[in-house]
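Q: predicted structure and sequence below. I'll ask about it afterward.
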Amino acid sequence: MIKLECQIVCVDAMSDDVFRVRLQAPDVACPYQAGQYVLLELESGEKPAFSLASSPVNWPQLELHVRVMAGNGLSGRVVARMQEGGSISLHVAAGDAVWQAPLDAEIPLIMLAASTGFSQAKSLVETALAEAVPNPIYIYWGAREAADLYWSGLPELWASQHANVHFIPVVSDGLNSDDWQGRTGLVHEAVLADKHDLSRALVWACGSPGMVYAAFDAFTLEGLHKAQIFSDVFAYAPRD
């Protein structure tokens, strides 16, 4: 990892609790791959990790999605620091769940995201689109409530512009919402319901350990080999 001093360009509220942070990095060679994350360096000495939502094709512009979580003072401090403007130090980049173009154009690519895990999926999808891969790309974005799909218009746009891109939003509490007409339940269960040939798929799982391991267990039972699923969870929260 290398340390970069980046300029804070702007901080935009995407929802009640999610903020999009845009940064300008120095003009050096791009030091990261799609799917990786960075460590911020706060004045307190804390180094919180955030997935890069930007693709390397946009370098030296960087993007982070920060969710301010109740009971998590660190996330609130990160947003407050970003809103001050100026510059901030980043350690770039970490993570093994990186983009890799498939050799076979028929292999389905499944981006499984929960909450702000969409940021990592965004970097991966934008890189795939920049490379014009012909593979079918399925973006499953799960959230507790419809309002948590804070940028659903973006994958909807991708799907409208690219015939091989499919967007499937899934709301776990949708049955309790009068205005949600889409898919409900757990996001990995939506993948199973759609009957993909998981023995041939590549899966990027972007979310909490609970979500990732639930998907791993269910998908491997349906023929997915463990080498075909990528997630940072396997490194930072390994199971016995």
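A: Arrived safely, thanks for sending.

Q: so, low pLDDT: which residues of the protein?
A: Flagging of the chain using pLDDT under 70 yields the residue ranges 174-178.

Q: how is it carved up into domains?
A: The chain is divided into the following domains under automatic domain parsing: 2-94, 109-236.

Q: can you give the distance of the last one from its chain's centre?
A: The one in question is domain 109-236. A distance of 9 Å separates the C-alpha centroid of domain 109-236 from that of its chain, computed with Cα atoms, centre = their mean, to the nearest Å.

Q: in the protein, where's the longest strand?
A: strand 2-13 (DSSP state E).

Q: and it, which strands flank it?
A: strand 18-24 (antiparallel), strand 87-94 (antiparallel) (DSSP bridges).

Q: next SSE downstream of the shortest one?
A: For strand 18-24, the succeeding helix or strand toward the C-terminus, using DSSP states H and E, is strand 37-41.

Q: so what are the sheet partners of whatever helix or strand comes next after that next one and their directions?
A: Along the chain past strand 37-41, the next helix or strand (assigned with DSSP H and E) turns out to be strand 49-51. Sheet pairing for strand 49-51, assigned by DSSP bridges, gives strand 37-41 (antiparallel).

Q: just name the most buried of the domains of the chain.
A: Neighbour counts (mean count of other Cβ atoms under 10 Å) averaged over each of these peak at domain 109-236, with a mean of 19. Every C-beta, even on glycine, is put in place using the N, C-alpha and C of the backbone.

Q: kindly check the end-to-end length of that domain for me.
A: With Cα to Cα, to the nearest Å as the measure, domain 109-236 spans 24 Å from end to end.

Q: how about stretch 54-70?
A: Start-to-end span of stretch 54-70 (Cα to Cα) is 26 Å.

Q: so which residues make contact with it?
A: By Cβ atoms under 8 Å, 6 or more residues apart in numbering, the residues outside stretch 54-70 that reach it are 6, 9, 14, 17-28, 30, 32-34, 38, 50-53, 75-76, 78-79, 82, 90, 115-116, 118-119, 122-123, 126-127, 130, 150.

Q: how about Ala143, nearest residue that isn't a chain neighbour?
A: Computed as Cβ to Cβ, 6 or more residues apart in numbering, the closest residue to Ala143 that is not its neighbour in sequence is Leu149, at 5.0 Å.

Q: typo on my end, Met111
A: Of all residues beyond its chain neighbours, the one nearest Met111 is Ala121 (4.2 Å), with distances taken as Cβ to Cβ, 6+ apart.

Q: now what about the helix or strand containing the one you found, what contacts it?
A: Using DSSP H and E, the secondary-structure element containing Ala121 is helix 118-130. Applying Cβ under 8 Å, 6+ apart, the set of residues contacting helix 118-130 from outside is 34-35, 37, 50-58, 63-65, 97, 99, 101, 109, 111-113, 135, 137, 139, 141, 150-151, 154-155, 158, 162, 165, 204, 206.

Q: now, the residues you listed that are in strands?
A: Assigned to strands by DSSP E, the following of those qualify: 37, 50-51, 63-65, 109, 111-113, 137, 139, 141, 165, 204, 206.

Q: closest to Ile229 among these?
A: For the ones in strands among the contacts of helix 118-130, the closest approach to Ile229 (Cβ to Cβ) belongs to Trp204, at 7.8 Å.

Q: mind checking how far the closest residue to Ala53 other than its chain neighbours is from Thr184?
A: Counting by Cβ to Cβ, 6+ apart, Ser119 is the residue found nearest to Ala53 once chain neighbours are left out, at 3.7 Å. With distances taken as Cβ to Cβ, to the nearest Å, Ser119 is found 23 Å from Thr184.
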